[in-house]
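A.B. asks: Need the 3D shape of this:
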Amino acid sequence: MRFHRRIRLDRIGSATTPARLSSLVEVSPECHADEGSILAVRALGENRAYGDLELPSGRPARIVKGNLLAGVLGARQALHGYMGRVPTHVAPGDILHLLNMGGVIGVCDQPNRDLGPPIEVEVLGSISREGTPLNIKQFSLPPCRELRSDGPPLLLILGTCMNSGKTFAAAELLRVLTLRGYRIAAGKLSGVAALRDLFRMQDNGAIATASFLDCGLPSTVNTKDLGAIARSVIHHLERTQPDAILLELGDGIIGGYNTGSILTDASILGRTAARILCANDLVGAWGGAQFLEALHHRPDIFSGPVTDNAVGTTWIEEQLSIPAANARLQPERLADLVSQHLPLRTEEP
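C.D. replies: Numbering: from 1, shown residues only. Presented below is the predicted three-dimensional model:
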C-alpha cells in the first residue's frame, strides 16, 4: 500500500464543491492527470490582482504563500483571463498554476498582462477518500438523453464575449420576474467553474440553480458537445417545477468554451422561448445576430453595454428590428419583453 497522509487545508476551492470536502483530507501520492481530479497543492506565491480563491460558501479568501489548497485539474481559455490546459502527467512535487478563482488548476500556456502571472502551486498529491483518488466526475448529475417537449420554457442569456453583461441581465430578470410571481430556476451551461454567478442568481430569486460543475466539469473547454451536459442540468432543474428555466451560457457564442454546441441541440431548440443577447458594441450585436440566426436562434431581445444609451438601442431596433433594453437602466422593460415570450400567468405577490 502506498503511503497516505492527512493534512489540514487552509483553503478549499469552490470547483471541488461536488465532492463536499472537509478541511481535514487524506492525500495520496497516486495522481491522475485527468480533468476533474482533485488535488492538494501548496501556494508558492501570491498575486495582488488575481489572488483570491472562491470557497464553496462563495466567499473569496486571499491566498497567502504557503497556504495548503484544494483544487481541480482543468483547462481555461478566457479571452480576458488566463489560458491553460490539463497537464499530460502529474505527480507530487510538480509545479502547476491556479487558472481561476474557483480553484481550477493546470498548466498556464499564456498569462494575462492585466492580471500578471498566475499563482504557482506545488502538487502535494491527490485528495482521496478511503484510499481512492477523488474526481468531481464521480459526483455528477445523471445523464438525460432527451428533454421532454412539454417541460418549462427556456430563457437563454447569451453574450458576444465574456464581460458583456450576461450575469447582470440574468440577475435583474430573476429579480423582477420573481417579484411578479414567477417561479424561475436558473443555471449556467458553459465557462470555467466558479459559484459566484449561481449565488447571484439565488440572491435574486432563483428557486434552484445548477451548472456544468454539477456534471463533473471544471470547465467546458474539453467538451466539444455540451448538449448532453445542458440536458442534464435542465432535467435536474425541472424537478423543482419552475414556471421557466433561465440559462446563462458563459463566455461568448464564439470562443474556447464550446458554447455554440448547446444551441444545435434539437431538444433545447424546441424548448427555447426567448433568447437575450448581450453585446458590447454594435458590430458585436450585428455579428451575433447573424451567427445565431444561422443556428435558428435569432435573438429576441438585446441587452448589455451596447444598450447603455439610445445610440445603441435605436440602431438595433431600427436596423435589426429587434427590441433592446438595458438591464441596469430598464430592468422592468427587459422583463416585459421576456414575458411576452412566456405562456405564463403571473400572480400579484
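
A.B. asks: for the longest strand seen in the chain, packing partners?
C.D. replies: Longest strand in the chain by number of residues, with DSSP state E as the criterion: strand 120-129. For strand 120-129, the contact count by 3 or more C-beta pairs under 8 Å, 6 or more residues apart in numbering; DSSP states H and E identifies strand 24-28, strand 38-43, strand 68-73, strand 95-98 as packing neighbours. From N, CA and C alone the C-beta is placed, and that goes for glycine too.

A.B. asks: Name the residues of that strand that are buried.
C.D. replies: 120, 121, 123, 124, 125, 126, 127, 128 (16 or more other C-beta atoms under 10 Å).

A.B. asks: State the distance from the fourth one to residue 336.
C.D. replies: From residue 124 across to residue 336, the span is 54 Å (C-beta to C-beta, to the nearest Å).

A.B. asks: Where does pLDDT dip in this structure?
C.D. replies: Within the chain, the stretches with pLDDT under 70 are 1-3, 344-349.

A.B. asks: any idea how far the longest strand of the chain is from the chain center?
C.D. replies: Taking C-alpha atoms, centre = their mean, to the nearest Å, one finds the center of strand 120-129 at 24 Å from the center of the full chain.

A.B. asks: Over to stretch 284-302?
C.D. replies: In terms of C-alpha atoms, centre = their mean, the gap separating the centre of stretch 284-302 from the centre of its chain is 21 Å.

A.B. asks: What distance separates the opening and closing residues of that stretch?
C.D. replies: Start and end residues of stretch 284-302 are separated by 11 Å (C-alpha to C-alpha, to the nearest Å).

A.B. asks: Residue 30 and residue 106, how far apart?
C.D. replies: Between residue 30 and residue 106 the distance is 19 Å, computed by C-beta to C-beta.

A.B. asks: before we move on, what about residue 7?
C.D. replies: In this structure, residue 7 lies at 22 Å from residue 106, with C-beta to C-beta as the measure.

A.B. asks: ok so, going back, between residue 30 and residue 106, who's got more neighbours?
C.D. replies: In terms of neighbours (other C-beta atoms under 10 Å), residue 106 is the more surrounded of residue 30 and residue 106; the figures are 29 against 16.

A.B. asks: which ones are touching residue 33?
C.D. replies: 73, 86, 87, 88, 89, 90 (C-beta atoms under 8 Å, 6 or more residues apart in numbering).

A.B. asks: ok now do the last one, which residues does it touch?
C.D. replies: The neighbourhood of residue 90, defined by C-beta under 8 Å, 6+ apart, consists of 31, 32, 33, 37, 39, 73, 96, 123.

A.B. asks: how about those, which pair is most distant?
C.D. replies: Checking those against each other with C-beta to C-beta, the farthest-apart pair comes out as 32 and 96, at 13.8 Å.

A.B. asks: And these two? Which one has more around it.
C.D. replies: Neighbours were tallied for residue 32 and for residue 96 using other C-beta under 10 Å; the higher tally belongs to residue 96 (24 against 14).

A.B. asks: Now for the more buried one: which residues touch it?
C.D. replies: Counting by C-beta under 8 Å, 6+ apart, the residues that residue 96 touches are 41, 87, 90, 105, 106, 107, 120, 121, 123.

A.B. asks: Could you report the separation of the last one from residue 238?
C.D. replies: Going back to what we said before, that points to residue 123. If you go by C-beta to C-beta, the gap between residue 123 and residue 238 works out to 39 Å.

A.B. asks: Using PyMOL, make a named selection holding only the buried ones among the contacts of residue 33.
C.D. replies: Entered in PyMOL, the line below selects the buried ones among those, by 16+ other C-beta under 10 Å:
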select buried, resi 73+86+87+90
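
A.B. asks: Take the contacts of residue 33 and lay them out in CSV including distance to residue 169 and secondary structure.
C.D. replies: Formatted as CSV, the contacts of residue 33 follow (distance: C-beta to C-beta, whole Å; DSSP: H, G, I helix; E, B strand; the rest coil):
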residue, distance to residue 169, secondary structure
73, 32, strand
86, 32, coil
87, 36, coil
88, 39, coil
89, 42, coil
90, 39, coil
